[in-house]
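1. here's my sequence, what's the structure:
(one chain, ligands or ions: 1)
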Amino acid sequence: MTEKRQFIAGATCPECGKLDKIQRVQDGERLWMTCIACGMVRDLDQQPAADSGTPVTIMPATPRNDGH
Ligand SMILES: [Zn+2]
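-> Predicted coordinates for the structure are as follows:
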């Protein structure tokens, strides 16, 4: 089985209250999060993930410098 683990930056564990210990784990279609500090496991399949990842489009400002 291949698990994808990713730390959730800024996430606080609801069990032990430690910061940056929450890992988001995805294994195929299953998705859950776990705390590496206390071992808390919470299923993320049921609730929609509050994803704050808003797509950011970076428009490079190209200055018009027509040096004649
Ligand atoms: Zn914890």
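
2. get me the contact residues on this structure for the ion.
-> Contact residues (C-beta under 5 Å from the ion) of the chain with the ion: C13, E15, C16, C35, A37, C38, M40. For the C-beta atoms, the positions are set from N, CA and C on the backbone; glycine is no exception.

3. and with 6 Å instead?
-> Within the chain, the positions near the ion by C-beta under 6 Å from the ion are C13, E15, C16, K18, K21, C35, A37, C38, M40.

4. may I ask which helix or strand encompasses the second one?
-> Pointing back at E15 there. Here E15 is covered by no helix or strand, with elements defined by DSSP states H and E.

5. contact partners for the residue positioned nearest the centre of the chain?
-> The residue lying closest to the centre of the chain (C-alpha atoms, centre = their mean) is I8, at 4.4 Å. Under the criterion of C-beta atoms under 8 Å, 6 or more residues apart in numbering, the contact partners of I8 comprise I22, Q23, R24, M33.

6. which residues of the chain fall in helices?
-> Secondary structure of the chain by DSSP state H: no helices are present.

7. which among the contacts of I8 gets closest to the ion?
-> Within these, the smallest distance to the ion is 7.6 Å, found for I22 (C-beta to the ion).

8. now that closest one: how far from R30?
-> Between I22 and R30 the distance, using C-beta to C-beta, to the nearest Å, works out to 17 Å.

9. who's more crowded, those two?
-> Comparing I22 with R30 by neighbour count (other C-beta atoms under 10 Å), the higher total belongs to I22, at 23 against 11.

10. beta partners for that one?
-> C35 (DSSP bridges).

11. so what pLDDT did it get?
-> Model confidence at I22, given as pLDDT, is 96.

12. hmm, A11 and it touching each other?
-> Yes. Using C-beta atoms under 8 Å, I22 is in contact with A11, at 3.9 Å.

13. find the residues that touch each one of the two.
-> The contact sets of I22 and A11 overlap at M33 (C-beta under 8 Å, 6+ apart).

14. quick one: contacts for V25?
-> Contact partners of V25, counting by C-beta under 8 Å, 6+ apart, are E3, K4, R5, Q6, L31, W32, M33, T34.

15. give the PyMOL command for selecting the buried subset of these.
-> If you want just the buried ones from the contacts of V25 in PyMOL, going by 16 or more other C-beta atoms under 10 Å, the selection is:
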select buried, resi 33+34
